[in-house]
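In: Coordinates only, no sequence provided:
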């Protein structure tokens, strides 16, 4: 390693005495490193390296020179060789003295003091300070910020040098101040700061805002176009196109699908801030969810709006800070409780400083803060404390800046610093009459800019704001005297009494004896101030004859927000005779107003407007075309639809037929009054036979309507239709039956359809096909079955019925159908006797009454010889116990000797214990000595012997039979022994002894038959 170059640098100033050594070393041919050491002189120096790995010599030389130069620029001077005693460095040549700024005349003492403090700071940065330089009473950054707030333009020469080698915080405040006090010189310095890649982001942001402040409009437009070009493509194109709604949709989609960092696009959008971008930006600021990323972006936008004095954005974000709760301490860099308190305080601090300076920007910013709040932000009134210290928090008490602006000098509210809220003083309770004094902060500033108060009255939707602004505006009589009629109309139309009262006072001064201007009279009649409306009615009565032909005025009265004004309009039109032209013009205006209504809350207005329309039209409706009626009926408000229905009722149905779709729209409306109108119209249509027949399809559809009153109203019309045309009635019946059998009708409709078919349309059922009757009876729908039963009762004699059909009907769900089937069976014994195997199926019916009928029917109407073996076995094989018992009864009555073996085999297959026991009666008679039959009955024996806790008698009979058969012959003994051996290992212990006893008996009778067990003699034990 070889030392190529070395530098020793010293720094002495005040108590600071530092040394810095740099080495350029060759570690291998052509490869070098740059090392350094630094620290306080006389102490062990700390080591470091600018090149972690060796680099080419030329590059190492550049690194070395740059390092040395950077230290020299920061105040170091060259010293002697390292390790040698160093004498104090020679004094550095002093830098050129800072420019001496003479305070121009006209500056306030505060501004002079700020300039002096800046000059002292400039002198304090020199190597040799003058004796008269004193320490600053406050931090320089605060001085610089205050200079910018006061716009002390003579401070620019002192601020520019402070940008050199400034730390981020100082660079930030200097850039902010230059944006307010700078000139072309500052533009150059700020541009260099903006373009430097090493500039921190926060400094770059404020430098951008400062440059926008200092640039001309053309430069700002170029800059915004450049920012717009860098937007994501999905946002860039809508922003260029100038369509605010399309851009809003694109921004929503970008924020919804762009990930966590998508919100960062709001910062460049605020730089663009065009008429296309701003509406979507404002809407997003009001609804943007608070996350770590969005909180950071909102804070940047908040500071930018504060710097621009953009009251709208500033107030909107301030409102979010008041409304949003903190995100907790787990995210200290996001939106903690302390951060939220700081930001809420900062909002008021910004307003307070502007107010103290009596700046017109105070009004602009305060208006933005106040407009962000609405009546929806009110909170429930709550008590605070208890006992003698109890007080109350009013509806808007939690909002710090809001209350500071409105109630800083209030005799009824006082601020509480820690939770940042306003509470009621002990002498005031929420809801009491407010005092007749000015309560707001900086009233004189408001009076100098009364346009801000008028702006609040125009756009605010918050009652306390209107109360404040109306009172404050009364202190500006000259401004009020200059207001035009449109402004007074605006005041009168606001839904807040203080504002409307102010407008009424101004209107009273402007109206002449003829109550002109008429627009002002109309505004008084529509006012939210009740005394103003009453006075307007008296004024209008005076000039009633001149108002009646003014359709615009009448339409304004009819659409007023207050019911008493609309009622006045109704009475005015009813009591007047309007010309045909006036009627047409008035109805056109009112219909247009009705079609413009959207929300449900406007229903009362729509109802009153409809009354005016009907009053103007009288008994005729010719002034309204069918297309207009169609639009009224399609409107979402029921009150508007009712007007459409009334207009249809007034038409001459003979010359002006009503289209089916309009009639259908009325009768199927979810609103009962509209349905009633439709039914009245339908009844009118039915007065003509031709018109009634033309409504066949409509009546058919309405007969299955889900609305009960519609169905009820259609019933008599269907009867009239059938009477007028049996063919039409038959088509209606066919359509209703098809709908009924499809089982797709709403709840309650099937029963109604059955009632109509069995009532008004009953004559048309005479030609109903038999197949349809059976389909009705076989339907799973109860209403269809009911109708089928009624048709069966009326036309049963005409229907062709066989034994299977009658047997099936005997098990029908409806008793009337079952009874009809019983009667048919009683009347057709020969047919039943021929198909007795089918007829006994009614014994398996799930209905007790049908089975009871069957038991009696087969006992009394048929002889024993009528029952074949198959019939008897099918009855005995039933799963129902009462039917099994009846089957055994029939077997006993109808038994034939020749059928014995077959009967025994059939009975042995039944699983029921009762039938198995019954079969034992035939064992000795037909199976004894019949080895083949015994072998076939082996499964039966096993089933009987395997039963546990049931079939005891049958088991004893089977064991006895097997024992007797086994003892009879050797062959039978071997077969029986096998069955008993198998069962002795599986049956219960209590029955095993009987099986063993039977096997021993067989073995004794047939010694040749082997015993499947060993017999041990009983051990005899004798006592001693």
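Out: Sure thing, it's come through. Keep in mind that what you see is a predicted model, and the values were worked out from it rather than measured.
In: residue ranges with poor pLDDT in the stretch 251-400 of the chain?
Out: Within the stretch 251-400 of the chain, the ranges that satisfy pLDDT under 70 run 329-333, 386-388.
In: whoops, the stretch 651-800 of the chain was the one
Out: For the stretch 651-800 of the chain, the stretches with pLDDT under 70 are 651-658, 660, 668-670, 684-688, 691, 694, 743, 795-798.
In: Please enumerate the strands of it.
Out: Under the criterion DSSP state E, counting those that start in this stretch, the stretch 651-800 of the chain contains no strands.
In: do the chain as well
Out: 2-13, 16-28, 31-40, 46-49, 55-56, 77-78, 382-384, 391-393, 413-416, 421-424 (DSSP state E).
In: Would you tell me which one of these is buried the most?
Out: strand 421-424 (a mean of 21; mean count of other Cβ atoms under 10 Å). All C-beta atoms are positioned from the backbone trio N, CA, C, and that covers glycine.
In: For that one, the averaged confidence score.
Out: For strand 421-424, mean pLDDT is 92.
In: for that strand, packing partners?
Out: strand 391-393, helix 400-407, strand 413-416 (3 or more Cβ pairs under 8 Å, 6 or more residues apart in numbering; DSSP states H and E).
In: Turn the strands of the chain into CSV, including distance to residue 303.
Out: Below are the strands of the chain laid out as CSV (distance: least, Cβ to Cβ, whole Å):
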stretch, distance to residue 303
strand 2-13, 36
strand 16-28, 35
strand 31-40, 37
strand 46-49, 37
strand 55-56, 43
strand 77-78, 41
strand 382-384, 34
strand 391-393, 31
strand 413-416, 25
strand 421-424, 25
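In: Out of these, which is closest to residue 766?
Out: Evaluated over those, closeness to residue 766 peaks at strand 382-384, with 77.6 Å, by Cβ to Cβ.
In: ok, back up a step: looking at the helices and strands packed on strand 421-424, which is closest to residue 367?
Out: Comparing these under Cβ to Cβ, the one sitting nearest is helix 400-407, at 9.4 Å.
In: mind checking which of the helices and strands packed on strand 421-424 is nearest residue 436?
Out: helix 400-407 (14.7 Å).
In: Figure out how far the closest one is from the centre of its chain.
Out: Put simply, helix 400-407 sits 34 Å off its chain's centre (Cα atoms, centre = their mean, to the nearest Å).
In: For stretch 353-373, list every residue counted as buried.
Out: 354-355, 357, 359, 361-373 (16 or more other Cβ atoms under 10 Å).
In: List the ones among these that fall in helices.
Out: The helices, defined by DSSP state H, take in 354-355, 361-371 from these.
In: rewinding a little: compare the strands of the chain and report which one is nearest to residue 535.
Out: Closest among those, using Cβ to Cβ: strand 413-416, at 34.3 Å.
In: how about the helices of the stretch 501-650 of the chain, start to end?
Out: When secondary structure is read from DSSP state H, counting those that start in this stretch, the stretch 501-650 of the chain shows helices at 518-525, 530-542, 544-547, 551-558, 563-574, 580-596, 603-617, 626-633, 638-649.
In: so what does the first one touch, helix or strand wise?
Out: Counting contacts by 3+ Cβ pairs under 8 Å, 6+ apart, helix 518-525 packs against helix 485-493, helix 497-510, helix 530-542, helix 551-558.
In: who wins for proximity to residue 582 among those?
Out: helix 551-558 (5.8 Å).
In: got the buried residues for that closest one?
Out: 551, 553, 554, 555, 556, 557, 558.
In: swap in stretch 486-495?
Out: Of the residues in stretch 486-495, 487, 488, 489, 490, 491, 492, 493, 494 count as buried by neighbour count, 16+ other Cβ under 10 Å.
In: likewise stretch 700-709?
Out: Of the residues in stretch 700-709, 700, 701, 702, 703, 704, 705, 707 count as buried by neighbour count, 16+ other Cβ under 10 Å.
In: follow-up on the earlier one: TSV for the helices and strands packed on helix 518-525, including mean pLDDT?
Out: Output for those, formatted as TSV (pLDDT from 0 to 100):
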stretch	mean pLDDT
helix 485-493	94
helix 497-510	94
helix 530-542	93
helix 551-558	92
